[in-house]
Structure formats: C-alpha cells, structure tokens
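Novice: What follows is a predicted protein model with its sequence.
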Amino acid sequence: MPPEQFFPHAEIEPKWQRRWEDEGLHRAGAHPDRPKFYLLEMFPYPSGHMHMGHVRNYSIGDALARFLRMRGHDVLYPMGFDAFGLPAENAAIKAAKEEGKSLNPAPFTEGCIASITADLKRMGFSHDWTRELATCRPEYYRWNQVIFLRMLERGLAERRSAAVNWCPECQTVLANEQVHDGKCWRHTETDVELRQLDQWFLKITDYAEELLSELDSLDGWPEHVKLMQRNWIGKSHGTLVRFPLADRRPGEPEHIEIFTTRPDTLFGVTFMVIAPEHPLAHRLARGTEREAEVRSFLNRVAAQDRSVRTAEDREKEGIALGREAINPLNGDRVPIFAANFVLMEYGTGCIMAVPAHDQRDFEFAKKYDVPIRVVIQPEGETLDPAAMTCAHVDPGVQVNSGAFDGMPSTEGIERIADHVVEQGLGKKTVQFKLRDWLISRQRYWGTPIPVIHCDDCGPVGVPEHQLPVRLPEDVDFAHDGNPLESSRSFQEGAACPRCGRAARRETDTMDTFIDSSWYFHRYLDPGNAGRPFDPALEERWLPVDQYIGGVEHAIMHLLYARFFTKVICDLGLATHREPFKRLFTQGMVCMEHTFADGTTRSVKMSKSLGNTVDPRIHIGNRHLGGSTEGKTGADALRLFMLSDSPPDSQLDWSDEGMDGASRFVHRVWRFFTQRADRLSGRSGAGFENLTGDDLNFHREVHAAIQGVTQDYGRFGFNTAIAKGRQLFRALEMHAERGASAALTAHGARIFLVLMAPIMPHLCDELWERLGHAESIFTTPWPEADPSALAVDEVTVVVQVLGKLRGRVTVPAGSDQAAVEAVARAEGNVAKHLEGKTVRKVVFVPDKMINFVAS
RNA sequence: GCCGGAGUGGCGGAACUGGCAGACGCUGGGGACUUAAAAUCCCCUGGCCCCGUGGGGCCGUGUGGGUUCGAGCCCCACCUCCGGCACCA
C-alpha cells in the first residue's frame, strides 16, 4: 500500500459502518453461549440533530460495548427515541399560530428521528439498530396503555381530586418531582400554581418501602445518587398522637391527630398548628369571635402561590383560631393556630409545637408570644426559656416530663412513644415524603390514557382488545387548551365499555416519564405484537448490567423506572425487581462563555448561550444529503471526547485539543501505511530470549495490555488512551531501532486491538491492511503475559530521612542487605549519610529503601 | 441551614492499597526540513537557587495542625468551589 499523509475518514469510516451493519456484528443475541451483557444508555429526545452531549455519551457507551464484545460477551446495546413531549408539540403550536401552517408532531418527530439516526450511524456507534423503538409510535405506546389498565385493575392507578401543580407555560399539571423551588422544571421563570383538579395518579407510595430498602443492594450505583433517592423518598419513623379537642362542639372531631418524630418533647407542647388548607381550619373558628379574622387570613394565604409561601425568606405567619386542644400526657390546654409553615401534604396536616426544642416552633412562639416550656436539658446546663435565642434540638435529659424526668432524651423517644401506645393515645408509624405520581397531562403529544368516562359507571378502562387508543390527527394547534378536547374523531363513537351508553373519552395523556420507565424491557422484544415482551427474554437479559446517563435523572427517571420494574413483576410479566445493576453518571460537555458581567467560565454547551460546537463540522453532513465532508471524522472526535477528561466529570471543549486528537489519528495512519511491509508479518507467539530494545518493547506491549484492559473495566478511557499513546510512541521507536520485525508487527497489532473500541474505523481499516480478512472486532482481546511483564532489573529509590537522594539499579527481588550495600555506595546518598548514624532502615522490595539517620 | 463531592503546573488532567508528584494531551519556547510558509518531525516547559552544563540544593498537591521512617492519599479544624435538598414536624 502506498504511504498516505492523512486518514481519509470520509471514505473509510462509512465503508466500515456499512460492513459492520452488513455482517450484523452488533446484533445482540447472536451468541447465546456467551455471557450476556446488557449495556444501556439513556435514549435521546429526538431534537432535530445530534449534539455534542450525545456524541460524548455514546462515545463512552460504544467504547465499552466494543470492548465487552471483544472480551467475549453477548452484548445488548440498543438505541431508541424518547419521542413524546413538549418540544414537538410546541413546534406544532408555533407553526399553527405564528406561521399559519399545520404541522403534525408525528411526521415532524419521525423526521427528527431520521436525522439524528443518520448522525449516530455516521459516528460509528455500534448500536443494534434492529431493535430501534420510538415511544411515540402506537406499537410502543399501546403497551403503556396495557400496563396502565392492569395497574388500574389492581388499584395502583386511581383518579382523585387533589391540589396539583399547574404550569401556566406548559398548560398542564406537573408531578411533584417536576417542580423545583416552586417553579416548573422546564421553565425556571414560571411560578407553578396550585389547582384543585381530578387527576390520575400512580400509587408509587405503595412501593416506598421497597424503593428505599433495595437501594442498599445496588452496589454498582454511585452513593450520591442513592442518597438523593433516599432523601426524596424521605422515610421517617414517628408516632401519631391524638390530642383531644377542648370544648368540642357537635359535628367536630373528637381529636386532632398529629405526627411527630420527637415524642420525647411531648411534655413541652405549648400550642398546636394546623395547615391553612386543612378543612378543620375554617371549621374550628366558625362561630367564634375570631371567625372573620381567621377567614381573611386563610384566604390570604391560600391566594399566595406556592413559591411565595415557601420562599427563602420564609417569614412565619399565623393566627390563633380561638380554640384549644388538650395535651393527652399532662392535661394542659394549648391554643390552636393556623400558620403558613405547616404543610397539608405531609403527615396529618397538623402539628404539635414545641418551641423549646424545634427551631420553627421557636420562631413562631417568639413572634406570637406563646410560652416556651423546656423539657430537655442539655448536659451540664440549665436552659432558661426567657433567655433562649434558639431552640435546643439536641439530645439531653428529660425534665418537666412527669414520670420520665431524669431519663436521657434519646431513651425518652422510645419510652414516651411506648407510653402513648399503651395508653391508647396514638400509635407508632412511618411517614414518607414521597407522594403518589401524578401522571395526567393536559397535552396532545403523549400516550392517551385509555379510559372512558360514563355518567353512570364513572371512569372505565378501555378493553385491552380495543387498544391502542390512538392519537387523532384532526387536531387544531392554533387554539389554547388540549387539542384532544376539540378533536371530533377522538370522541366519535365512544361508548361505555360496561353499559354501552354513549360516553366521553379521557383526554388527558400520560406524563412522558411513563415512556422511559420500561423502554429497556421493550428493547428485548421490540416487535412483539402480542405482549410487551417475552418473559423468557426478560429472564435472560435483565437486569441491565450497566446503565449510563446524566445525573440530572438521578431522582425522577431512575425512581420511576425502578417503580415500574417492580410493578411489572407484580403484574406477573417479569421477574427482576431492580432494573439497573450498575449506574454510571457521565459529565456534561462544556465550553467557555463570557457572561454579561465580563466573567468567563466554562459552562454546559447550550443553544441559549450560543456556546455550542456542531458535531457535523467534524463528521460532515453528506450522510444527510448535504455536501460537506467533515473536518476530522468520527474517530478523531471520539478520541477527543474520551481522552481529555474522566467520563464522569465535565469535558471542556477545546479546538486545540480536538486538533491534537486529529493529529494522533493521522499520525497512526501515516505510521502504518508507511511501514506496511514490516508490519504485516504474521508470526505471533514465541518471543523468547529477547534482549535490549526488544525485551523492553515486549514488556511495554504487555504492560499496555494489562493497563488498558484494567482502565476500560473502570471507565478509565482517558488513562487508557494515555497508555495507548505511550505504546504508540514505543512502537514508533521500536520500528526504527528494534531488531525483531516480527516483534514490531506483534506490537502494532496489539496497539490496534487496544485502541479499536475508541477509534474503530481507523483500527479496523489498518487491521485489514495488515492482511486480516476478518474484522478486528472478531479477534479475541489479548491477555497480558506475566512472564513478559517480569523484569530482571529494577530501579530502587533511595531516601535519607524520607527525602529522595538517589536511585540504584539492582536485580529484581534483591534482599535488603544487597540493596543497602549498593545504596550506601551511591555517591549522593553517601554524601548525605556522612557523619550520621543510621538508626533504622525501611525497605520496600523492588521499590524503595529509606535510611533513618541522625 | 442540612447532606454529598471536589480543590494538584499556564490549562484539561495522571499517580494501584501511604512509597520517584505532575503520566498523556493542550498551550508556550527552541531547533530540523523548506527559497518561504503550511504540514510534519525532534528537544525543552512547576517555582526559586547553586556550580563544572552534567548534576546538586531548597520549596511545592486550597489553609493550619497531627499521625508516620515516609502523606496529594489517613486524622482534626478551617477556607473556597460545584451538586442536591430545603419550613417534611
């Protein structure tokens, strides 16, 4: 072959992409005899075209997929599209309202999918495209509907009226997880409103305990992700205590029930607080002289939206209802307030307030001049309620607590709770912060909820044989509101499945997080028309051995997917209760951006900041029918994506770094094409009796095998590449000076194999040019030979008093006496030991010797 | 405020389990090739200092202390940055 200056990526990369596809090299399930490995990456939203974030994520997964295949695994590495959601629908609305055109989200989305698919293929990612799916297709979403109906049968899905989060911008309700700081997760400027509506919920709280406890078994998950889930689930042990209502009037409940995690402070209760939305708030004040005042307060707080009420400044505001409750432990009468800081959704919507030992209660008591009663004294200190400036929340000794005086409060928690239970005043219980999952969305571009509302029978599930309930096409995006409401064909002929009478179809669609909660099951059997997937396939392939994705999905997506996996098991469809054995959270692609205030920082690439680099600059767009060829090609881009940072931290884009990667690709190309003859020698094994450069080079080759193999196994792509570059440098030098051409050829082959997962096109092409008929990806991964790694001489570091003073070369395995003798003789060491007495010698064989002298 | 994670050259980052700090890359500098440039290749590149140009010394992994023969790594305190949660009773 003639020497060539530059790697002709625009020809060679597509050549191998075609060949791999033709040979079905990436098809999963081809080797049932091999150990399975399910490698999953979070599927993309098809937003027009591939961006740099995709390039990085899939470069990571693909390198791993190719490595694992070469290591003898039957790898399932699928790809699909999370294709429902607001962007496509908003594009349709914009087209209709601003441009007066009609744009149907379905063909629009399919166009985006085609474009991004072409981009991904042009990167040479080894996905098994025979399993491709898109969640917006009826063949997929009908199974969302089936799963929903089965959940409905089992009471895991239910419709109920609740105060729900409404985003005026999205024109739909949101799940709790989708509200951050009172703002919509997609619109950080938009306040979320509370509305009382009838909506569909999935009872994820039924699984709270299991979702929490099984986190402990997920050894392959990053601790911080597990921690975020634990915090979100928010389990706390406590006690429900009933406080009798004083001066009870007809129609009023006998008790006010509260939840507390601190029964040790029960004797310190000086007031009660009820949430303003609590139905009792109005009722208790009715007929009292305070009624008007209370009503105006409650109305004012209710009118405040969530973000104001829970804002950082969090000024506590409340009002006495003019009523009292009785502390069941000591018979004290305590006033009842309504206040903004008590949440209706948590616990019972009502609390006991212990200002001495709870900071919030303390602040409130100070403001409204409620007495403070100390019931826990810190060790060696006496608290004076009048002098306190903050609550004492730490443990201490019980005081003013009747029979419990003198007891450590840590014990008091248990003992007083026991006492409450024995006296029939309440019971021990567990509370979770986790709420049920609100899945209704008042939008078009999602899975229709398969329910029919009948005036007589109520909401009735659509029979499974009538599924899928398809999205209609006669929809109008030019007007506000859910387009499903105005579609004629959608409602046409709707009849109650139970009584047969004319009825109305549910027009809510499902939260798109439903789609991504089980897509990894569907990949196993994407064409199955009879059920969501074959259980035998689930048995073989699940759990996902390695899941890779962004940490931004640490709570929502991962929690929902874990929930669905358990539900799917309980529906009898599958057996594995945890979906993802190992989780890896990759970092973002960032680029320098100068902000308005003049500061420059490296921040996530985003369209809105304009600090983006389009990957198509590098891979071209000819595959999309365009005319540009691409600057550097896919392999150079992949190399850069993996070489500059560890994959779990952010990657800073740099044009210079990209040039460096491209230079390396060309350099490798040049080296191989210029020395084709010398490198094509086929003699493989049996490099004995090597000497000098040959021996050293052989050792470097095997050290590289060992190092690179270990690095791939722990996502150390950046260090694997560093070792690959080192090996390449050694290879260049050995080609110049080494005695054995067979050994150079061997080293060259190893280099190609080790780097193939990262630069697959380049390596497969060069592999072929070295005379191999089969793809490099069918060769087994090399093993490092321990005897090749052995050295007969080692450099031992010599220290005097822990400071480096010299190095000596000794035979490997030399004992302390031998090394000591050589070390003492070394010039600089001798100088430093002069006039000193050696008191101790620390010796680490083959590494270091330290003279402790004075 | 609480809970996590991280601070290493001009920059991105290496350093297994406490044993040569700065692998690999980028930037910068010098040189070779060339009429010249590009491309390519080679050498140098943490700071300060000493002499004989080969070496030698001191300092150096956010700050202050500690443990150890020896600390980027372990312990204590503090500072800064990033991420998450935030009235959850």
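Specialist: Sure, I can see it. Numbering: from 1, shown residues only, chains lettered A, B, ... in the order given.
Novice: Could you break chain A into its assigned domains?
Specialist: A:236-431, A:678-789, A:793-853 (automatic domain parsing).
Novice: Tabulate those (JSON lines), appending mean neighbour count.
Specialist: Heads up, the C-betas are built off the backbone N, CA and C, glycines and all. Listed next are those as JSON lines, based on neighbours: other Cβ atoms under 10 Å:
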{"stretch": "domain A:236-431", "mean neighbour count": "17"}
{"stretch": "domain A:678-789", "mean neighbour count": "19"}
{"stretch": "domain A:793-853", "mean neighbour count": "15"}
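Novice: Get me the contact residues on the stretch 451-600 of chain A for RNA strand B.
Specialist: A:551, A:552, A:555 (Cβ under 7 Å from any atom of the strand).
Novice: Among the residues you listed, which one lies nearest to residue A:610?
Specialist: residue A:552 (21.2 Å; Cβ to Cβ).
Novice: tell me the contacts of the closest one?
Specialist: By Cβ atoms under 8 Å, 6 or more residues apart in numbering, the contact list for residue A:552 is empty.
Novice: Over to residue A:342?
Specialist: A:273, A:274, A:275, A:276, A:349, A:350, A:351.
Novice: Adding mean pLDDT and distance to residue A:68 as columns, could you present the domains of chain A in CSV?
Specialist: Conversion of those to CSV gives the following (pLDDT from 0 to 100; distance: least, Cβ to Cβ, whole Å):
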stretch, mean pLDDT, distance to residue A:68
domain A:236-431, 90, 42
domain A:678-789, 90, 9
domain A:793-853, 87, 34
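Novice: wait, which of these is closest to residue A:475?
Specialist: Per Cβ to Cβ, nearest to residue A:475 of those: domain A:236-431, 31.0 Å.
Novice: Do the closest one and RNA strand B come into contact?
Specialist: Yes - against RNA strand B, domain A:236-431 shows contacts by Cβ under 7 Å from any atom of the strand at A:236, A:238, A:259-262, A:275, A:309-310, A:312, A:314-316, A:340-343, A:345-347, A:349, A:351-352, A:358, A:360, A:431.
Novice: Pick out the most distant pair among the contacts of residue A:342.
Specialist: Top of the distance list for those (Cβ to Cβ): A:276 and A:351, 12.9 Å.
Novice: Close to RNA strand B: what parts of the stretch 751-854 of chain A are there?
Specialist: So the stretch 751-854 of chain A meets RNA strand B at A:795, A:797, A:799, A:801-807, A:828, A:832, A:840, A:842, A:844, A:847-848, A:850, A:852 (Cβ under 7 Å from any atom of the strand).
Novice: Sitting in strands, which of those residues do you find?
Specialist: A:795, A:797, A:799, A:803-807, A:840, A:842, A:844, A:848, A:850, A:852 (DSSP state E).
Novice: Max pairwise distance over the residues you listed: which two?
Specialist: Most distant of those, by Cβ to Cβ, are A:795 and A:840, 22.7 Å apart.
Novice: Switch the contacts of residue A:342 over to TSV; also include secondary structure and distance to residue A:714.
Specialist: What follows is those, written out as TSV (DSSP: H, G, I helix; E, B strand; the rest coil; distance: Cβ to Cβ, whole Å):
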residue	secondary structure	distance to residue A:714
A:273	strand	52
A:274	strand	54
A:275	coil	50
A:276	coil	53
A:349	coil	49
A:350	strand	51
A:351	strand	48
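Novice: and which of those is nearest RNA strand B?
Specialist: Nearest to RNA strand B out of these is residue A:351 (Cβ to the nearest atom of the strand; 4.5 Å).
Novice: if I pick that closest one, what's in contact with it?
Specialist: Taking Cβ under 8 Å, 6+ apart, one finds A:258, A:259, A:260, A:272, A:273, A:274, A:342 in contact with residue A:351.
Novice: farthest pair in the residues you listed?
Specialist: The most widely separated members of the contacts of residue A:351, counting by Cβ to Cβ, are A:260 and A:274 (14.5 Å).
Novice: Report the secondary structure state of the residue in the stretch 1-150 of chain A positioned nearest to RNA strand B.
Specialist: Ranked by Cβ to the nearest atom of the strand, the top residue of the stretch 1-150 of chain A for proximity to RNA strand B is residue A:5, at 6.5 Å. What DSSP: H, G, I helix; E, B strand; the rest coil gives for residue A:5 is coil.
Novice: how many neighbours does the residue nearest to it when sequence neighbours are not counted have?
Specialist: In this structure, residue A:5 finds its nearest non-sequential neighbour in residue A:670, 6.3 Å apart by Cβ to Cβ, 6 or more residues apart in numbering. Residues near residue A:670, counting by other Cβ atoms under 10 Å, number 15.
Novice: repeat for residue A:854
Specialist: Residue A:854 - counted by other Cβ under 10 Å - has 8 other residues nearby.
Novice: so how far is residue A:381 from the residue nearest to residue A:267 when sequence neighbours are not counted?
Specialist: Distances taken as Cβ to Cβ, 6+ apart place residue A:401 nearest to residue A:267, at 4.2 Å, with adjacent residues excluded. Distance, residue A:401 to residue A:381, using Cβ to Cβ, to the nearest Å: 17 Å.
Novice: contacting residues around the residue of the stretch 51-200 of chain A at minimum distance from RNA strand B?
Specialist: Across the stretch 51-200 of chain A, the shortest distance to RNA strand B (Cβ to the nearest atom of the strand) belongs to residue A:180, at 5.8 Å. When contacts are counted by Cβ under 8 Å, 6+ apart, residue A:180 touches residue A:188.
Novice: What sits closest to residue A:802 if chain neighbours are left out?
Specialist: Per Cβ to Cβ, 6+ apart, closest to residue A:802 is residue A:850, 6.2 Å.
Novice: My error: substitute residue A:444 in the last question.
Specialist: Counting by Cβ to Cβ, 6+ apart, the residue nearest residue A:444 is residue A:483, at 4.4 Å.
Novice: Likewise for residue A:85?
Specialist: Residue A:85 sits nearest to residue A:512 (Cβ to Cβ, 6+ apart), 4.8 Å away.
Novice: What count of nearby residues applies to that neighbour?
Specialist: Around residue A:512 there are 23 residues (other Cβ under 10 Å).
Novice: One more: residue A:577?
Specialist: Neighbours of residue A:577 (other Cβ under 10 Å): 18.
Novice: Model confidence for residue A:481, exactly?
Specialist: pLDDT for residue A:481: 82.
Novice: shouldn't it be in contact with residue A:171?
Specialist: Yes - with contact defined as Cβ atoms under 8 Å, residue A:481 and residue A:171 form a contacting pair (7.4 Å).
Novice: residues bridging contact with these two, i.e. touching both?
Specialist: Contacts common to residue A:481 and residue A:171, judged by Cβ under 8 Å, 6+ apart, are residue A:442.
Novice: Compare neighbour counts for the two and give me the winner.
Specialist: Set residue A:481 next to residue A:171 and count neighbours by other Cβ under 10 Å: residue A:171 wins out with 16 against 11.
Novice: On the pLDDT front, check that one for me.
Specialist: pLDDT at residue A:171 comes out at 82.
Novice: what does the one 3 residues further on give?
Specialist: At residue A:174, the model reports a pLDDT of 82.
Novice: tally of neighbours for it?
Specialist: 19.
Novice: Identify the residues contacting residue A:153.
Specialist: With Cβ under 8 Å, 6+ apart, residue A:153 has these contacts: residue A:461.
Novice: now the end-to-end length of stretch A:195-209.
Specialist: 29 Å (Cα to Cα, to the nearest Å).
Novice: Buried residues, it. List them.
Specialist: Of all the residues in stretch A:195-209, those buried under the rule 16 or more other Cβ atoms under 10 Å are A:197, A:199, A:200, A:201, A:202, A:203, A:204, A:205, A:206, A:207, A:208.
Novice: And the residue of the stretch 351-500 of chain A closest to RNA strand B?
Specialist: For the stretch 351-500 of chain A, Cβ to the nearest atom of the strand, closest residue to RNA strand B: residue A:433, 3.7 Å.
Novice: Can you tell me the closest non-neighbouring residue to that residue?
Specialist: residue A:234 (2.8 Å).
Novice: wait, that neighbour sits on residue A:432?
Specialist: Yes - in this structure, residue A:234 is within contact of residue A:432 by Cβ under 8 Å, at 5.8 Å.
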